[in-house]
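Peer 1: dropping a prediction and its sequence here:
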Amino acid sequence: MDQTDVLVVGGGATGAGIARDLARRGVDVTLVERDGLSSGASGRSHGLLHSGARYAEADGPGATECLEENRTLRRIAGACVRETRGLFVQLADDDPAYFEAKRDACVDVGIPTDVVDGATAREAVPGLSDDVERAMWVPDAVVVPSRLVAANAAGASEHGARIHTHAPVTSMTVERGRVTAVELGGDVDDTVCPEYVVNATGPHAGKIAEMAGVSVEMRPTRGVMVSVAYDGLEPVLNRCREPADGDIVVPHDGEVVLGTTSVPVGDPDDYERDDREVERTVAECSAMLPSVVDADRVRTWWGVRPLYEPDEAARGGRGISRGFHLLEHADEGVENCCSIVGGKLTTYRRMAEATADLVCDRLDVEATCSTADEQLPGASEPARLDEFVRQFDGQGPTDIDLVGR
């Protein structure tokens, strides 16, 4: 049996970020992932690094978190981030009051904005729809999630963490209010005896929690992304309206990613892929960038959002807050286990810091977080980042056209 201070279950951005944070604080960490890194929500997104503008009028604190982490990742993540800017566009049929409310909210949050008329926007973005009446520049960017997750795992490994991919958790033993053993299958096929367990499995958090005899209520929703051939788009395009299907276009090199939909699913591993959502996404995005409707479709993938049920029920919307929730399970009778749920890729580092703070407090470790100030390994070396992706089998569909080029 392997002994470890902390077992982190889940190899997405948050799990890898937690492992890096704890390892840098001198904690003995083991991270396990049932597939390769980035195989879940992190590697199946549209890859937007939010400025916070998308959430400004609905969730000011969440928007502030996005803005701060956007700036942090630009400092520490190097070639894991592509500088693109973002443009919120108001079409002729869109409510101008919503545009005004978003602009005012961005000002309140501190998000830099620059409002331009439709003609100026079309001059800056060739191919933009004639229906664009005005637009607002914001500091959005594009993240390359496979590189980001692998670089965090590499940073954890450099500080002594053990990273096990293709090592699914098959069962947990709970004795006298503590998880005492975790059985791993796959390539590892071993038992780990942790002092503390962190559940960072995104939409699967409820299933892992059940193994420990505790409850995490999730409301996973599916969304489709469609990548089409398109050269020369610089900024991320956001439709400036209430969140709906097909309201974002994310630029890649020679492609743009069109997204997305939001449909509840019962099982994050087994859900319907509805072709009508693909067609609706393309059609809606073409209202901003008309030529994508006839562009060659390169690839399509689906992702599942790790939404937390109580938060979604309270807000009654389309999961627009994307706040995160750190749940301790001591009140359910398991004192050495927590779950980190919700959130988004942009705020993964902050989620990891909050989780690591909690774990260190429970383990009487006094070291503080340093991940906001230290560059990720290989940040300035794309080839090295891509080698990390191969090392951890971390290639997700979001950025398969960018990694290794």
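Peer 2: Cool, got the structure.
Peer 1: okay, now the domains of the chain?
Peer 2: The record assigns the chain these domain ranges, following automatic domain parsing: 2-42+145-218+320-399, 86-138+221-305.
Peer 1: pull the CA atoms of the least confident helix or strand in the chain by mean pLDDT into CSV?
Peer 2: Taking all helices and strands of the chain together, the one with the lowest average confidence (mean pLDDT, DSSP states H and E) is helix 309-315, at a mean of 75. Presented in CSV, the C-alpha positions along helix 309-315 are these (Å, rounded to 0.1, in the frame of the first residue of the first chain):
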residue,chain,number,x,y,z
GLU,A,309,-27.0,21.7,-8.2
PRO,A,310,-27.9,23.9,-5.2
ASP,A,311,-26.2,27.0,-6.9
GLU,A,312,-28.0,26.4,-10.2
ALA,A,313,-31.4,25.9,-8.4
ALA,A,314,-30.9,29.1,-6.5
ARG,A,315,-30.1,31.2,-9.6
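Peer 1: what's across from the closest residue to residue 2 other than its chain neighbours in the sheet?
Peer 2: Of all residues beyond its chain neighbours, the one nearest residue 2 is residue 192 (4.9 Å), with distances taken as C-beta to C-beta, 6 or more residues apart in numbering. For the C-beta atoms, the positions are set from N, CA and C on the backbone; glycine is no exception. Under DSSP bridges, the beta-bridge partners of residue 192 are residue 2, residue 182.
Peer 1: which of the residues in the longest helix anywhere in the chain are buried?
Peer 2: Using DSSP state H to define each element, the chain has its longest helix at helix 60-76. The neighbour-count criterion (16 or more other C-beta atoms under 10 Å) identifies 62, 63, 64, 65, 66, 67, 68, 69, 70, 72, 73, 76 as the buried residues of helix 60-76.
Peer 1: you'd agree the first one is up against residue 325?
Peer 2: Looking back up the chat, that one is residue 62. No: using C-beta atoms under 8 Å, residue 62 is not in contact with residue 325; the gap is 12.0 Å.
Peer 1: per-residue pLDDT of residue 316, please?
Peer 2: Residue 316 carries a pLDDT value of 58.
Peer 1: hang on, I meant residue 405
Peer 2: The per-residue confidence score, pLDDT, reads 79 for residue 405.
Peer 1: ok so, going back, mean confidence for the longest helix of the chain?
Peer 2: Summarised as a single mean, pLDDT over helix 60-76 is 97.
Peer 1: one more: stretch 340-359?
Peer 2: So the average pLDDT for stretch 340-359 ends up being 97.
Peer 1: same check on stretch 148-166?
Peer 2: Rounded mean pLDDT across stretch 148-166 is 98.
Peer 1: against residue 336, how distant is the residue of the chain most remote from its centre?
Peer 2: Counting by C-alpha atoms, centre = their mean, the extreme residue of the chain relative to its mean C-alpha position is residue 176, 35.3 Å from that point. With distances taken as C-beta to C-beta, to the nearest Å, residue 176 is found 11 Å from residue 336.
Peer 1: residue 395 touches residue 38, doesn't it?
Peer 2: Yes: the pair residue 395 / residue 38 is scored as a contact, 7.2 Å apart, by C-beta under 8 Å.
Peer 1: pull up the overlap in contacts between those two.
Peer 2: Common neighbours of residue 395 and residue 38, using C-beta atoms under 8 Å, 6 or more residues apart in numbering, are residue 146.
Peer 1: which one's more surrounded, these two?
Peer 2: Between residue 395 and residue 38, counted using other C-beta atoms under 10 Å, residue 38 has the larger neighbour count: 31 against 21.
Peer 1: ok, the residue nearest the centre of the chain - contacts?
Peer 2: Nearest to the geometric centre of the chain sits residue 345, at 2.2 Å (C-alpha atoms, centre = their mean). For residue 345, the contacting residues are 13, 41, 42, 45, 47, 48, 49, 143, 145, 148, taking C-beta under 8 Å, 6+ apart as the criterion.
Peer 1: next, count neighbours for residue 355.
Peer 2: Burial measure for residue 355: 26 neighbouring residues, criterion other C-beta under 10 Å.
Peer 1: tell me the most buried of the domains of the chain?
Peer 2: The densest packing among those, expressed as mean neighbour count by mean count of other C-beta atoms under 10 Å, is seen in domain 2-42+145-218+320-399 with a mean of 22.
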